[in-house]
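Visitor: Quick check, what structure comes out for this input:
(2 chains)
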Amino acid sequence: MTGLVVDSLSFARGGRTVLDGVSFGMQAGEMVALLGPNGAGKTTLLRLVLRLLRPRSGRVLLDGRAIAGMTRRVLATHLAYVPQGHGVVFPYRVRDVVALGRLAGGAMLAPVVPAADRDAAEQAMARLAIGHLADRSYAALSGGERQAVLIARALAQGARLLVLDEPETGLDYGQQQRLSGLLRGLAGEGYGILATTHDPLRAARIFSRAILMREGRLVADGPAAEMLSAQAIADLYGFMAVSAPPA
Amino acid sequence: MTAWRERALWAVALGGLLLLMVVSLGLGWYRVPLGDLVGVLVGRDGGMPEGRRALLHSIVLGTRLPRIAGAVVVGGALSVSGAGFQAVFRNPLVSPGLLGVLAGAGFGAALGIVAGASPMGMHLLSFAGGAVAVAVAVGVARLFDAASMLMLVFSGLVSTALFTALLSLLKYVADPDRQLPDIVFWLLGSLTQVTGGDLGMMVAPVAIGIVALTLCGRMLDALAMGDDEARTLGVPVGVLRYGVIAVATVLSAVTVSVAGMIGWIGLIVPHVARLLAGPCNARVLPLSACLGGAFLLVCDDLARCVSVEEIPVGLIADLLGVVIFLGVLRLIRRGWAE
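Guide: Numbering: from 1, shown residues only, chains lettered A, B, ... in the order given. Here you go, the predicted model:
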């Protein structure tokens, strides 16, 4: 099977089970939202998929191969990570940050960025419409701009599966709308998108599929619009449903 | 940085360093006229009387050249080492001594003095002391949490404290008339003892170290984004971190074993390099080598020429470092992202 397969993944921290037998699979072109209250294990699941944590049991497969046996470099050519916009101590330019996406696919030990990699970075910046930021310092950008840079870096990486950690955090309404359009466009081109999110109403409109998690378990998995009914959201987050269903 | 600006930067840095070396060959208490200096350097000194020719060869090529080359190699190596440590720890305030290499090397040299070791034995003991101190720091860190950078910094403090204490112990038991002054003088740092042999011993490891770290430049840039992010970009973070620490430690320990304690040049120079070339490590590392070499050479010229009695170069490097650091602090601040 192609795509990503998460096979009965469990994880414990300090004797406490954080993730308990989570399984799901996703294909290229799918947009999957990962929802659940704080502490449900969403971020842990992302980190396991990225192999930043080692599972207690279970495994993650990419195109049928266990990621546990891959080198970092090979993994990075399949799977790109878009973290939440963060600070960096040294004042790297946007161009430099995006070009880092080419490390895994290009020459890791080249002291200068090879021309082909520079071109790939330029294309990714053009795709995100941030070409005008290329020579600005990444650290001096706003939250929305930083996120665009990190997405451009993920595209430059050439991986077909993008993993995003709460991508709408810190974005204003317009930026959120643009992000949604961009992610849908990428899914339309065959990118697989896996993102944690705190906004079920938005997720219901934008994502093709929603995975609901609570207390380390997967509680629902299906088409986002169906999974995220007013009642399901209320149950998931533990409050009484009073409002109308999401538009 | 545009291509021509980058070329200009390297031309100025390398050309300046070379020019500085030639000028330095002419400096000193025995005045060598420029014409004679050039004659000796390019081998067109056939017209000189034999005695003068031999004298000039002895002064310029026999005495000054090893020392000048030594200053450049030591300054360059320490600066690259500092830049490497700063990249690996994602911290602009880190110096090569963070994991105890300077304290350990100081202890090793003092041990050599107390034990009456040969000059070669001194080099080896000092180098081994530096390497052991860093190994202690890394070992302690791995005992508790191999993945934690904070733990590594703490272990470095522990190792530094341990070897500083052991050094104090040696000072306490050293013969106050013969050995103690030697220890104190060695700790001040000096290039007077650098011989052609030392230089031969240093050049290869230092050159390899600088090239190796420079080749890791882009991976170190990725590391600046954080360990996890670097991993998802394909960088083997653990191998890179400990590999760079090992190379940077060798660079520091080699130079300290030859020239004594010449400390915080490794902290300042990378900042100036970043100011000139931006934060990308593939530029910062080699530029730090050029600037550090030039800086220590100027310091050593002052050490040789300011007074008849030579001043320890480590002392001058510290003083001049303070002045330069204050001078560029405002500019350097711009080089740190808030």
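Visitor: wait, B:Ala128 sits on B:Gly108?
Guide: Yes. Using C-beta atoms under 8 Å, B:Ala128 is in contact with B:Gly108, at 5.7 Å. In short, each C-beta sits where N, CA and C put it, glycine included.
Visitor: neighbour-wise, which of these two wins?
Guide: B:Gly108 (29 against 18; other C-beta atoms under 10 Å in any protein chain shown).
Visitor: check contacts around the residue lying closest to the more buried one once chain neighbours are set aside.
Guide: Nearest residue to B:Gly108, sequence neighbours excluded (C-beta to C-beta, 6 or more residues apart in numbering or on different chains): B:Gly129, at 2.3 Å. Taking C-beta atoms under 8 Å, 6 or more residues apart in numbering or on different chains, we find B:Gly129 in contact with B:Gly104, B:Ala105, B:Gly106, B:Phe107, B:Gly108, B:Ala109, B:Leu111, B:Phe163, B:Ala253.
Visitor: where does the last one land in three-state SS?
Guide: This means B:Ala253. helix (DSSP: H, G, I helix; E, B strand; the rest coil).
Visitor: from memory it sits against B:Ala105, does it?
Guide: Yes. The pair B:Ala253 and B:Ala105 qualifies as a contact (C-beta under 8 Å) at a distance of 5.5 Å.
Visitor: which one of the two has more residues nearby?
Guide: B:Ala105 (32 against 29).
Visitor: I'd like to know which elements the helix or strand encompassing that one is packed against.
Guide: Following DSSP states H and E, one finds B:Ala105 within helix B:101-115. Using 3 or more C-beta pairs under 8 Å, 6 or more residues apart in numbering or on different chains; DSSP states H and E as the contact test, the elements touching helix B:101-115 are helix B:119-145, helix B:149-173, helix B:179-188, helix B:237-259.
Visitor: Look up how far chain A lies from the residue nearest to B:Gly108.
Guide: 31 Å (C-beta to the nearest C-beta, to the nearest Å).
Visitor: Also B:Gly209?
Guide: B:Gly209 is 15 Å from chain A, by C-beta to the nearest C-beta.
Visitor: Contact partners for that residue?
Guide: When contacts are taken as C-beta under 8 Å, 6+ apart, B:Gly209 is in contact with B:Ala77, B:Val80, B:Ser81, B:Val247, B:Ala248, B:Val250, B:Leu251.
Visitor: Could you see whether chain A lies near the helix or strand harbouring B:Arg5?
Guide: For B:Arg5, the host element (DSSP H and E) is helix B:3-26. No. Helix B:3-26 lies out of reach of chain A by C-beta under 8 Å from any C-beta of the partner chain, never closer than 9.2 Å.
Visitor: for chain A, what are the nearby residues on chain B?
Guide: Residues of chain B found near chain A (C-beta under 8 Å from any C-beta) are B:90-92, B:214-219, B:221-222, B:224-226, B:228-229, B:231-237, B:274, B:278-280, B:282, B:334-338.
Visitor: Helices of chain A, start to end?
Guide: A:42-49, A:72-78, A:94-99, A:115-127, A:143-156, A:173-188, A:200-206, A:224-227, A:230-237 (DSSP state H).
Visitor: for stretch B:164-179, which positions count as buried?
Guide: B:Thr164, B:Leu166, B:Leu167, B:Leu170, B:Lys171, B:Ala174, B:Gln179 (16 or more other C-beta atoms under 10 Å in any protein chain shown).
Visitor: Would you agree B:Thr192 falls within a helix?
Guide: No. Looking at B:Thr192 with three-state DSSP, it is coil, so not inside a helix.
Visitor: and the closest residue in space to B:Val38 that isn't next to it in sequence, what are its phi and psi?
Guide: Residue nearest to B:Val38 in three dimensions, not counting chain neighbours: B:Arg44, with 7.7 Å by C-beta to C-beta, 6+ apart. Backbone torsions for B:Arg44, taken as degrees, to the nearest 10, come to phi -100, psi 60.
Visitor: where does B:Arg44 land on pLDDT?
Guide: In this model, B:Arg44 is scored at 79, pLDDT.
Visitor: likewise A:Arg205?
Guide: Predicted confidence (pLDDT) for A:Arg205: 89.
Visitor: try the one 10 residues further on
Guide: The model reports A:Glu215 with a pLDDT of 91.
Visitor: my guess is A:Leu75 meets B:Val235, correct?
Guide: No. Between A:Leu75 and B:Val235 there is no contact under C-beta under 8 Å: 11.1 Å.
Visitor: Give me the more crowded residue out of those two.
Guide: B:Val235 (28 against 22).
Visitor: what's the helix or strand for the more buried one?
Guide: Using DSSP H and E, no helix or strand contains B:Val235.
Visitor: so what's it up against?
Guide: Taking C-beta under 8 Å, 6+ apart as the test, what B:Val235 contacts is A:Arg72, A:Leu103, A:Met108, B:Met219, B:Ala222, B:Leu223.
Visitor: quick one: least confident of those residues?
Guide: A:Met108 (83).
Visitor: Show me the shaky parts of chain A.
Guide: A:1-2, A:241-247 (pLDDT under 70).
Visitor: which parts of it sit against chain B?
Guide: Close to chain B, as judged by C-beta under 8 Å from any C-beta, chain A has residues A:47, A:50-52, A:71-73, A:75-77, A:79-81, A:83, A:86-93, A:96-97, A:100-101, A:103-104, A:108-113, A:137-140, A:157.
Visitor: what about the residue nearest to B:Val38, how many residues close to it?
Guide: 11.
Visitor: Equivalent analysis for A:Phe207, please.
Guide: 29.
Visitor: For it, give me phi and psi.
Guide: Phi and psi for A:Phe207, reported as degrees, to the nearest 10, are phi -80, psi 150.
Visitor: From B:Leu302, how far out is it?
Guide: 67 Å (C-beta to C-beta, to the nearest Å).
Visitor: And for B:Met219?
Guide: 38 Å.
Visitor: Neighbour count for the two, which is higher?
Guide: More neighbours surround B:Met219 than the other of B:Met219 and B:Leu302, with 25 against 17 (other C-beta under 10 Å).
Visitor: Quick one: residues contacting that one.
Guide: Contacts of B:Met219 by C-beta under 8 Å, 6+ apart are A:Leu103, A:Met108, A:Leu109, B:Ala230, B:Val235, B:Leu240.
Visitor: The third one contacts B:Leu215, correct?
Guide: Which is A:Leu109. Yes. Look at A:Leu109 against B:Leu215 with C-beta under 8 Å: they come within range, at 4.5 Å.
Visitor: What strand or helix carries B:Arg330?
Guide: Counting by DSSP H and E, B:Arg330 is part of helix B:313-334.
Visitor: Below-threshold pLDDT in chain B: ranges please.
Guide: In chain B (pLDDT under 70), the answer is B:1, B:263, B:332-338.
Visitor: Assign a three-state SS to B:Glu309, would you?
Guide: Per three-state DSSP, B:Glu309 ends up coil.
Visitor: Look up phi and psi at it.
Guide: Torsion angles, degrees, to the nearest 10, at B:Glu309: phi -80, psi 120.
Visitor: picking that back up, quickly note the distance from the residue nearest to B:Gly108 to B:Leu169.
Guide: On the measure of C-beta to C-beta, B:Gly129 and B:Leu169 end up 14 Å apart.
Visitor: Give me the nearest residue to A:Arg95, chain neighbours excluded.
Guide: Here the residue nearest A:Arg95, using C-beta to C-beta, 6+ apart, is A:Ala134, at 4.5 Å.
Visitor: Contact partners for that neighbour?
Guide: With contact taken as C-beta under 8 Å, 6+ apart, A:Ala134 is in contact with A:Arg93, A:Val94, A:Arg95, A:Glu122, A:Met125.
Visitor: 7 Å instead, please
Guide: A:Val94, A:Arg95, A:Met125 (C-beta atoms under 7 Å, 6 or more residues apart in numbering or on different chains).
Visitor: what's the answer for B:Thr249, then?
Guide: Counted by C-beta under 7 Å, 6+ apart, B:Thr249 has contacts B:Leu99, B:Val101, B:Gly130, B:Ala131, B:Val134.
Visitor: Nice, that's everything, thank you.
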